[in-house]
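> structural data only, the sequence is not supplied:
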């Protein structure tokens with residue numbers, strides 16, 4: 001019983017780390033084109049945001 005409760009709490013904590021955003025299908029296609037094999041949309045977006053941050057610093 002304690003193990004089940006612990007897993008439920010972990011599951012809830014993990015779920016809170018994620019959200020969903022609405023994007024146009026065209027945007028999804030653009031992300032898909034920019035993505036590398038094995039990357040999630042989150043990976044692609046973060047990579048692009050990091051690139052923007054680096055350019056702003058220079």
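Nice, I can see it. What you are looking at is a predicted structure, and each value in this text was computed from that prediction instead of being measured.

> for the rest of this, base every contact and every neighbour count on C-alpha atoms.
OK.

> now do the SS call for the residue most central in space within the chain.
In the chain, the residue lying closest to the centroid (C-alpha atoms, centre = their mean) is residue 42, at 2.6 Å. Following DSSP: H, G, I helix; E, B strand; the rest coil, the label given to residue 42 is helix.

> what of the one 3 residues further on?
When states are read from three-state DSSP, the local structure at residue 45 comes out as helix.

> what's the neighbour count on residue 32?
Residue 32 has 15 neighbours, counted by other C-alpha atoms under 10 Å.

> residues in contact with it?
Residues in contact with residue 32 (C-alpha atoms under 8 Å, 6 or more residues apart in numbering) are residue 41.

> give me the element it is part of.
helix 25-34 (DSSP states H and E).

> list the buried residues in that helix.
By neighbour count on 16 or more other C-alpha atoms under 10 Å, the buried set for helix 25-34 is residue 31.

> circling back to that earlier point, distance of the residue nearest to the centre of the chain from residue 27?
Residue 42 sits at a distance of 13 Å from residue 27 (criterion: C-alpha to C-alpha, to the nearest Å).

> what's the spacing between residue 34 and residue 11?
31 Å.

> and residue 32, by the same measure?
28 Å.

> can you check residue 41 too?
Residue 41 is 21 Å from residue 11, by C-alpha to C-alpha.

> likewise residue 35?
Residue 35 sits 28 Å away from residue 11, taking C-alpha to C-alpha as the criterion.

> looking at the two, which one has more neighbours?
residue 35 (17 against 11).

> so who does the more buried one touch?
Listed by C-alpha under 8 Å, 6+ apart, the contact set of residue 35 reads 41, 44.

> where does the protein have low pLDDT?
Scanning the chain for pLDDT under 70 picks out 1-10.

> swap the cut-off to 90 and go again
1-19, 58 (pLDDT under 90).

> can you say which helix or strand has residue 37 in it?
Here residue 37 is assigned to no helix or strand, by DSSP H and E.
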